[in-house]
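what follows is a predicted structure for the sequence shown.
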Amino acid sequence: MAKTIPEPSSSVFVALVGRPNVGKSSLTNHLVGEKVAIVTKKPQTTRSRITGVITKGPVQYVLMDTPGIHKARNKLDSRMTQTAAASLKDVDVTLMLFEPAGDFTESELTMIGALQKAGPAVAVINKVDLLDSFAALEQRKQQIRDFGCFDAVTAVSARDGTGCEELFALLKPYGNEGPHYFEDDAFTDMPEKELVAELVREKALLFLREEIPHGIAVVVERFKERPDKDLIDIDVDIYCERKSHKGMIIGKGGQMLKKIASAARLDVEELLGVQVNLQCWVKVREDWRDNEQLLNALGFSKP
């Protein structure tokens, strides 16, 4: 009987790009099967490049969830846009996500222009659960095909999982033979401290008023396991741009900060698999989003 030759190991590096709120983080989390990217309905939720890792037998898929492409209003915005653009150079294929209907934004058209030069790319129409007719979907697919830079145009719903599993078969041909870059059971390359900071920021985004969240940054100052019991002490600083914002984040009698910390603690405990003592403090750093030194100090390195 002929021996079957095992498939050689390979890796596929994939950048996920698209406009804010198109569902890049939701799709990343769905494909990875773990929460590696925070998700809210507010734009600019993802600020840096987040890596999700999925290993399926001999093939390892490395997904890079990038910030939404939009017009820069400050130095933080321009760093985020640079991060998305720089990702195209580091990958084997780009997945560009699109809304199921509506006009293409100026930023999207700029990204498509870059893909026409950079390639290869696959277009993904997300939120197909919102479309009520096959004809509307076909029309959208044709609009995207007309750009001429996508090897394939497919449709998914990151919310209910429709079409998501099929993406792996689409991405596999772009892989390169060689050893895997991450352990086969890894799901991200982000340090635990960064994941914790992101979970705290997610809760702040969910609970705070519209104008404050973009002006906050979260840094884990202490992450210490207790030697005598299964417990981790975590101290977190939440930076904001105005004294008035500090009052809103803390809330009346400290209620808002308590709400943010309690919700974050539950997610952090699930992530780390141990009990957590999470302490949060709020500090003011005026206009940090436009200050190069503060951006570096807060971890927003240039791509």
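Happy to help now that I have it.

low-confidence ranges, this structure, go.
Residues of the chain meeting the criterion pLDDT under 70: 1-3, 35-50, 67-89, 210-214, 294-303.

swap in 80 and give it another go.
For the chain, the stretches flagged by pLDDT under 80 are 1-5, 34-51, 65-90, 118-119, 188-192, 209-215, 287-303.

next secondary structure after the top helix by length along it?
Secondary structure assigned by DSSP state H gives helix 255-272 as the longest helix of the chain. Using DSSP states H and E, the helix or strand that follows helix 255-272 in sequence is strand 275-284.

verify the stated contact: residue 33 with residue 54.
Yes - assessed by Cβ atoms under 8 Å, residue 33 is found in contact with residue 54 at 7.4 Å. All C-beta spots, glycine's among them, are computed from the backbone N, C-alpha and C.

who's more crowded, those two?
Per other Cβ atoms under 10 Å, whichever of residue 33 and residue 54 has more neighbours is residue 54, with 22 against 10.

skip the chain neighbours and tell me the closest residue to the more buried one.
residue 61 (4.6 Å; Cβ to Cβ, 6 or more residues apart in numbering).

mind listing what residue 161 touches?
Shown in contact with residue 161 (Cβ atoms under 8 Å, 6 or more residues apart in numbering): residue 30.

ok, residue 193 next?
By Cβ under 8 Å, 6+ apart, the neighbours of residue 193 are 220, 223.

look up how far residue 147 lies from it.
The spacing between residue 193 and residue 147, counted by Cβ to Cβ, to the nearest Å, is 40 Å.

now swap in residue 29 and tell me
For residue 29, the distance to residue 147 equals 27 Å [Cβ to Cβ].

of the two, who's got more company?
In this view residue 29 and residue 147 are compared by other Cβ under 10 Å, and residue 29 has more residues nearby, 21 against 18.

restricting to C-alpha, output the helix or strand hosting that one in PDB.
According to DSSP H and E, residue 29 maps onto helix 24-32. What follows is helix 24-32, C-alpha atoms only, in PDB (Å, rounded to 0.1, in the frame of the first residue of the first chain):
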ATOM      1  CA  LYS A  24     -12.400  43.300  11.800                       C
ATOM      2  CA  SER A  25     -12.100  42.600  15.500                       C
ATOM      3  CA  SER A  26     -15.300  40.500  15.700                       C
ATOM      4  CA  LEU A  27     -14.100  38.400  12.700                       C
ATOM      5  CA  THR A  28     -10.600  38.000  14.300                       C
ATOM      6  CA  ASN A  29     -12.100  36.800  17.600                       C
ATOM      7  CA  HIS A  30     -14.500  34.400  15.800                       C
ATOM      8  CA  LEU A  31     -11.800  32.800  13.700                       C
ATOM      9  CA  VAL A  32      -9.400  32.500  16.700                       C
END
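
coming back round to it: hey, what's in contact with both of residue 33 and residue 54?
When Cβ under 8 Å, 6+ apart defines a contact, the residues bordering residue 33 and residue 54 alike are residue 187.
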